[in-house]
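>>> Whatever this is, show me its structure:
(chains A and B)
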Amino acid sequence: MAQKVGFRSPVPSPSGLAVQVPHKEIRLKVWVRLDSQKLPPDTINQATAIEFEREDTIDDLKDRIFRRFRDTRWAQENDSFGIAIGCWCECGFGATSAGDLKDLLLQPVPNMASNAAPIDLSHAPPYIRRTSRTCSPHAATLGTPPSYSPHPAHPSYNKLQCSTQSSTPLAQLRLSVGAGNKELGGGMDGCALSPVRLGSARRLSRTATPAVGEVDPDSIPHQSLLEPDELVFNVCKNLFGGVAAQTANDALVVFSNNPDIPLFDETMDGAPMVEDLTDYKLVVDEEQLRKLSHTNDEENIDCPKQAILLLPRGFEGDVNLPSPNVATPSASSPPALEEVSPGAAISPTQRVSPVLMTSAPLVEEEIGLVPPRDPIVQREGSPFILSAMESVTTESITRDKVFPKISVLVVEDNMINQAILSSFLRKHKIHYKVAKNGVEAVDRWKEGGMHLILMDLEMPLLSGIDAAKEIRKLEKQNGIGTGDPLGKHAELKGLTCKAPVIIVALTASNSQTDKTEALLAGCNDYLTKPVNLDWLTRKITEWGCMQALIDFDDWKDNDERLNSCIEQKAKASQKTTSTSNASKSTNLNKRITTS
Amino acid sequence: MNTVPIPAGVINWNTLNEIVSMDEDSPDFSKNLIIQYLEQANTTFDQIEQELQGNCDLEQLASLGHFLRGSSAALGLQRISWACERIQNLGRKREGGVEGQQLPDSHYAQLITNALQCARNEFKAAKAELSAFYKSEL
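Presented below is the predicted three-dimensional model:
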């Protein structure tokens, strides 16, 4: 099961399908405001009401926020990977974890409390997790001295995370579908309280002021981030007791991930530069690492601390993470006590030289591995980690979304529409082929490897309807999707996809007859032309994930084939080979779960 | 019989802006696409014209109308798309007829000729608006 960790559906539920049916409901609204810590003090930062749909997840809410603030600088400097929604939580950690424990008991979690001796670095995550809660912005992942005794609830908390990670894609999907269940929230992020838990946490009074010289991590207000696939509706219900009950004062906070990019240029003027980013220290054994964590911990809390990037044994190549300054708070940013924003935990303050990496590889068993804390990364699963990270740094702000790795066949007779669709797919690095009529479509499909066909219906030679019928007929003959893997007339040896292809018809008119005809011919879905790119995005995500779920092993193999294909393209365009790194991180993730 | 009203604006900017936003990755993507479209539209208009003067095959006219309708709609050129839809529907005798009456093909051909003229007019309007948008004569 462990090797299946790589996949995680970015789509929480078949909600997109449900959205098609317009709801006759009152308009739902939720108050949000931008995190004021990241804004200059004189900026007017009022809470804003954002409308949302019943089925919207937190991720959808992000999109809506970007749409609302479309023309602002904030929207240009952030993208949906770089922001998180949550609130400032002042709960004491002990108090929450006591509450957590109850939730945790709902999970079949072995009791780890006794054997998680903090000295044992191979079981490092328990106190790493702890640290990430205390978090100064710079002590990214590993700052607690080994003598620190973790809270008893902690190991099991961490175990919960492991169990979430090691579950099968299907189980994960089920988890996601059940978003809003209280179990879900805890698994991903040390701070991502589920709304239910958060609700109780908020009612706790402020804890006492910490003793001088010793900052009590429990009392530090920290960001509580909501799960990206949590339903906004549920969040409102649980957090505020109802959608209408929220007031502007209770607005959810939109945290942005790049405090280093000033909102106003003048804040940068004269500000001291962040520490030399090329300066790094390579640590290869446990002892050095422990010393380093000690130093980090004992330093003045106002000082920038050194982030630690843990790499797997035998890690080769460059560390393809977002440019360091994205996650490194500048010296001029408000000091210390805030929670590290998501993603920062695995971002290096210092960039590690690839040369040194290969000559002195780190040993994962010795130092332990830190699971990424970025909720997005967690959610998407490992094959997407680096592409997701890449998107954080790219300038593009519109419609950034991580797609499942699938092959799409575009069938369009009109060059213009063909160009639009293929350029959209190229932009999102989705592998695709093009056919300009039904005959070509069937031929391309016979070559194999196709997961999704976007099929224009009216075409010369062979219409989309007839092409769909033909493909379904051939699938039947070849035993695809019938549970007969060999098939009686297995004439199409080249077909590698064992699952039937998904055909999405592109209908020119909105007429019901066209749609019915398309569905009768064997199409699975339809989009009305002109194709709205937001809808296309949803369809590709939904159906693509469905395909990947249906035939996971095949998807993995294809994934490798695709990787090489994309790598070639990437080399040609002098771009970084994010896919090869992605597959490395797949391995990395596997090890996390097996260790 | 013609129940579908012509859209108010020459260009549906919601749609076109989606295309324009792809310029982020490849500069001039939308402009080149528009130029390609304008050529395609001219060619298709000529083909329809020829068909009307030649064989006057209604099915052929309908499919030409459909063809241009697709790309016009994709670029948000909704009034051209509307006119093309008329051509398509007239070619299939789905509109422009009289209830319970069998009308000759020439009747539809005449209506298509009108629709073609309409499409050409809208094409000029769209071209002017697009030229203004790209600040260059397209």
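>>> Against residue A:431, how distant is the residue in the stretch 351-500 of chain A that chain B sits nearest to?
Nearest to chain B, among the residues of the stretch 351-500 of chain A, is residue A:416, at 3.6 Å (C-beta to the nearest C-beta). (Each C-beta comes from the backbone N, C-alpha and C, glycine too.) Separation of residue A:416 from residue A:431 (C-beta to C-beta, to the nearest Å): 22 Å.
>>> quick one: which of the two has more around it?
Higher neighbour count among residue A:416 and residue A:431: residue A:416, with 23 against 19, using other C-beta atoms under 10 Å in any protein chain shown.
>>> what helix or strand is the more buried one on?
helix A:415-427 (DSSP states H and E).
>>> And whatever helix or strand comes next after that helix, what does it pack against?
Next along the chain after helix A:415-427, taking DSSP H and E as the criterion, comes strand A:431-435. Using 3 or more C-beta pairs under 8 Å, 6 or more residues apart in numbering or on different chains; DSSP states H and E, the elements in contact with strand A:431-435 are strand A:407-411, helix A:415-427, helix A:438-446, helix A:552-572.
>>> same for the second one, what does it pack against?
For helix A:415-427, the elements it packs on are strand A:407-411, strand A:431-435, helix A:533-550, helix B:29-53, helix B:58-74, judged by 3+ C-beta pairs under 8 Å, 6+ apart.
>>> ranking those by burial, who's on top?
Across the helices and strands packed on helix A:415-427, averaging neighbours per residue (mean count of other C-beta atoms under 10 Å in any protein chain shown) puts strand A:407-411 on top, at a mean of 25.
>>> got the contact list for that one?
Outside of strand A:407-411, the residues within contact range by C-beta atoms under 8 Å, 6 or more residues apart in numbering or on different chains are A:418, A:421-422, A:425, A:430-438, A:440-441, A:444-445, A:449-456, A:459, A:464, A:467, A:501, A:540, A:558, A:562.
>>> how big is the angle separating it from helix A:415-427?
170 degrees (axes from the mean of the first three to the mean of the last three C-alpha atoms, to 10 degrees).
>>> Strand A:407-411 versus strand A:431-435: what angle between them?
Using the same axes, to 10 degrees: strand A:407-411 against strand A:431-435 is 20 degrees.
>>> Relative to strand A:407-411, what are the paired strands and their orientations?
strand A:431-435 (parallel), strand A:452-456 (parallel) (DSSP bridges).
>>> Dump those to JSON lines, plus distance to residue A:224.
Listed next are these as JSON lines, based on distance: least, C-beta to C-beta, whole Å:
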{"stretch": "strand A:431-435", "distance to residue A:224": "38"}
{"stretch": "strand A:452-456", "distance to residue A:224": "37"}
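>>> Dump those to TSV, plus mean pLDDT.
Shown next, in TSV, are these (pLDDT from 0 to 100):
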stretch	mean pLDDT
strand A:431-435	94
strand A:452-456	94
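>>> Helix, strand, or coil at residue A:523?
Put simply, residue A:523 is coil when judged by DSSP: H, G, I helix; E, B strand; the rest coil.
>>> Enumerate every residue touching it.
A:455, A:468, A:503, A:504, A:505.
>>> How many neighbouring residues does the second one have?
Spelled out, that is residue A:468. Look at residue A:468: counted by other C-beta under 10 Å, it has 29 neighbours.
>>> any idea of the pLDDT on residue 5?
Let's take chain A. pLDDT, residue A:5: 40.
>>> nope, chain B
The model reports residue B:5 with a pLDDT of 84.
>>> for the stretch 51-200 of chain A, which spans come out with low pLDDT?
Low-confidence segments of the stretch 51-200 of chain A, defined by pLDDT under 70, span residues A:89-200.
>>> Taking it, what residue is nearest to chain B?
Closest point on the stretch 51-200 of chain A to chain B, by C-beta to the nearest C-beta, is residue A:70, at 10.7 Å.
>>> sorry, back to before: the contacts of residue A:523 into TSV, with extra columns for distance to residue A:527 and secondary structure?
Formatted as TSV, those follow (distance: C-beta to C-beta, whole Å; DSSP: H, G, I helix; E, B strand; the rest coil):
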residue	distance to residue A:527	secondary structure
A:455	10	strand
A:468	14	helix
A:503	11	strand
A:504	6	strand
A:505	7	strand
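>>> Need the max-distance pair from the residues you listed.
A:468 and A:504 (10.2 Å; C-beta to C-beta).
>>> tell me, what's touching those two both at once?
Applying C-beta under 8 Å, 6+ apart, one finds that residue A:468 and residue A:504 are jointly contacted by A:453, A:455, A:523.
>>> list the contacts for whichever residue of chain B sits closest to chain A?
Nearest residue of chain B to chain A (C-beta to the nearest C-beta) works out as residue B:71 at 3.6 Å. By C-beta under 8 Å, 6+ apart, the contact set of residue B:71 is A:414, A:415, A:416, A:417, B:37, B:40, B:41.
>>> for chain B, what are the nearby residues on chain A?
A:395-396, A:398-399, A:413-417, A:419-420, A:423-424, A:426-427, A:456, A:458, A:460, A:508-509, A:529-533 (C-beta under 8 Å from any C-beta of the partner chain).
>>> Identify the residues contacting the closest residue to residue B:79 other than its chain neighbours.
What sits nearest to residue B:79 in space, not counting adjacent residues and going by C-beta to C-beta, 6 or more residues apart in numbering or on different chains, is residue B:122, at 4.2 Å. Shown in contact with residue B:122 (C-beta under 8 Å, 6+ apart): B:10, B:77, B:79, B:80, B:82, B:83.
>>> Could you do residue A:58 as well?
Neighbouring residues of residue A:58 by C-beta under 8 Å, 6+ apart: A:85, A:226, A:227, A:228, A:229, A:230, A:232, A:235.
>>> Would you mind listing what in chain B touches chain A?
With C-beta under 8 Å from any C-beta as the criterion, chain B comes near chain A at residues B:15, B:18-19, B:21-22, B:24-26, B:29, B:33, B:36-37, B:40, B:63, B:66-67, B:69-71, B:73-76, B:85.
>>> Model confidence for residue A:45, exactly?
71.
>>> pretty sure it is in contact with residue A:34, am I right?
Yes. Judged on C-beta atoms under 8 Å, residue A:45 makes contact with residue A:34 at a distance of 5.4 Å.
>>> Out of those two, name the residue with the larger neighbour count.
Neighbours were counted for residue A:45 and for residue A:34 using other C-beta under 10 Å; residue A:34 has more, 24 against 16.
>>> From residue A:252, how far out is that one?
11 Å.
>>> Kindly report the same for residue B:51.
Counting by C-beta to C-beta, the separation of residue B:51 from residue A:252 is 60 Å.
>>> What residue in chain B is the furthest from its centre?
residue B:100 (29.2 Å; C-alpha atoms, centre = their mean).
>>> Quick check, pLDDT for that one.
79.
>>> quick one: contacts for it?
The neighbourhood of residue B:100, defined by C-beta under 8 Å, 6+ apart, contains no residues.
>>> List the buried residues for stretch A:46-61?
The neighbour-count check on stretch A:46-61 (16 or more other C-beta atoms under 10 Å in any protein chain shown) flags A:47, A:48, A:50, A:52, A:53, A:55, A:56, A:57, A:58, A:59, A:60, A:61 as buried.
>>> Wait, the fifth one touches residue A:29, no?
By that I understand residue A:53. No. Checked against C-beta under 8 Å, the pair residue A:53 and residue A:29 is beyond contact range at 11.1 Å.
>>> how deep is residue B:8 tucked in, by neighbour count?
Using other C-beta under 10 Å, residue B:8 has 8 other residues around it.
>>> Determine the three-state secondary structure at the residue nearest to residue B:79.
Secondary structure assignment for residue B:122 (three-state DSSP): helix.
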